[in-house]
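Student: Sequence first, predicted coordinates after that:
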Amino acid sequence: MKYRNQTEDFHDADFVFHRPNGYPFATKNVGDRMKRIMKYVNIERHLTLHSFRHTNISMLTEAQVDLPTIIERVGHEDPDTTLKVYTHVTKKMKIKSVDSVTEHHADLLKKTMLET
């Protein structure tokens, strides 16, 4: 794919933060911009670029995306890294698990309630 004046090729390496030609911005520049934006919108939590990665993996897990897909997307070679560090149980997942069990065993629960 050509870029702008059709003289330079687009570098497609799946960078999240990249210039119009596909090459990445310097991490420090993106981090500095992120700090300025957070200060402007009054967010006082300490967040880093890595926070986006962690959030993305947690959201994929909540959405029940299969582990091999997540591992490929984030470039881990060892599934244990993904499982141990990123796929912690979120509040949303806890609620969903209770709802799922309740829905799955609704007949049994109704029977139990009727017998008492």
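Tutor: Perfect, I can see it now.

Student: Going by C-alpha atoms from here, please, whenever you check contacts or count neighbours.
Tutor: Fine.

Student: Mind listing what's buried along stretch 74-86?
Tutor: Using 16 or more other C-alpha atoms under 10 Å as the test for burial, stretch 74-86 gives 82, 86.

Student: whoops, I mixed them up, stretch 44-54
Tutor: H54.

Student: end-to-end on that stretch?
Tutor: Stretch 44-54 has its terminal residues 19 Å apart, counting by C-alpha to C-alpha, to the nearest Å.

Student: can you list the residues that contact it?
Tutor: Applying C-alpha atoms under 8 Å, 6 or more residues apart in numbering, the contact partners of stretch 44-54 are 30-31, 38, 86.

Student: so how far is S51 from A26?
Tutor: As for A26, its distance to S51 is 17 Å (criterion: C-alpha to C-alpha).

Student: Any buried residues in stretch 15-33, and which?
Tutor: Buried residues in stretch 15-33, counting neighbours by 16+ other C-alpha under 10 Å, are found at 18, 22, 24, 30.

Student: Equivalent analysis for stretch 59-76, please.
Tutor: For stretch 59-76, burial by neighbour count (16+ other C-alpha under 10 Å) applies to 59-62, 70-71.

Student: and of those residues, the nearest to D107?
Tutor: Relative to D107, the closest of the buried residues of stretch 59-76 is E62; by C-alpha to C-alpha it sits at 26.4 Å.
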